[in-house]
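K.L.:
take this sequence and fold it.
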Amino acid sequence: MKFYGVIGYVETVETEPGIWEEKNTERAYCGDLIRNFGKHEPSGNVNDNINIANEVSIIADPYIMEHFWAIRYVKFTLPALSGAWKVTDVEVASPRLILTIGGVYNGNTAGTPGKA
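P.N.:
Numbering: from 1, shown residues only. Here you go, the predicted model:
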């Protein structure tokens with residue numbers, strides 16, 4: 001299955017001397033969805049947590065190779081997987097990167113109004 005979506009990077013940058021803030025950047029990529037797996041995990045709440053265990057293989061460009069350590073989330077274009085999903089692992093398999101995706105990403109994204 002083909003993948004097209006946005007990969008989100010979060011880097012800590014110095015905005016003023018001694019002041020550090022998170023900077024969010026998003027870039028669009030395409031590749032292959034090589035594993036598509038979802039599960040419900042009991043959470044002790046009324047509703048179970050939904051986790052996915054997908055793997056996405058993308059062709060690496062120079063930017064992603066220099067910033068793969070800052071990858072935090074993926075946004076799929078598929079309606080069933082809307083929202084941001086956290087990246088739990090990044091495997092460098094040159095010329096590709098393989099991203100393992102877990103549960104819902106709860107941090108700020110570049111598309112969050114009023115946020116970086």
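
K.L.:
test my guess that Ile7 contacts Tyr29.
P.N.:
Yes. The pair Ile7 / Tyr29 is scored as a contact, 5.5 Å apart, by CB atoms under 8 Å. For glycine as for every other residue, the C-beta is placed from the backbone atoms N, C-alpha and C.

K.L.:
give me the common contacts of those two.
P.N.:
Jointly contacting Ile7 and Tyr29 under the rule CB atoms under 8 Å, 6 or more residues apart in numbering are Ile58, Ile64.

K.L.:
more neighbours: which of these two?
P.N.:
Shown here are Ile7 and Tyr29; by other CB atoms under 10 Å, Ile7 has more neighbours (26 against 18).

K.L.:
tell me the pLDDT at that one?
P.N.:
With respect to pLDDT, Ile7 scores 94.

K.L.:
name the element Ile64 belongs to?
P.N.:
Taking DSSP states H and E as the criterion, Ile64 maps to helix 62-67.

K.L.:
buried stuff in stretch 16-25?
P.N.:
Neighbour-count burial for stretch 16-25 flags Asn24 (criterion: 16 or more other CB atoms under 10 Å).

K.L.:
adjacent strands (with direction) for the longest strand along the chain?
P.N.:
When the chain is parsed with DSSP state E, its longest strand is strand 19-35. Here strand 19-35 has these sheet partners by DSSP bridges: strand 2-16 (antiparallel), strand 54-59 (antiparallel).

K.L.:
pull out the buried residues from the helix holding Ile64.
P.N.:
Of all the residues in helix 62-67, those buried under the rule 16+ other CB under 10 Å are Ile64.

K.L.:
just stretch 60-79 next, same as before
P.N.:
So, applying 16+ other CB under 10 Å, buried residues of stretch 60-79: Ala60, Ile64, Phe68, Ala70, Ile71, Arg72, Tyr73, Val74, Lys75, Phe76.

K.L.:
wait, isn't Thr100 in contact with Val87?
P.N.:
Yes. Thr100 is in contact with Val87 according to CB under 8 Å; the separation is 7.0 Å.
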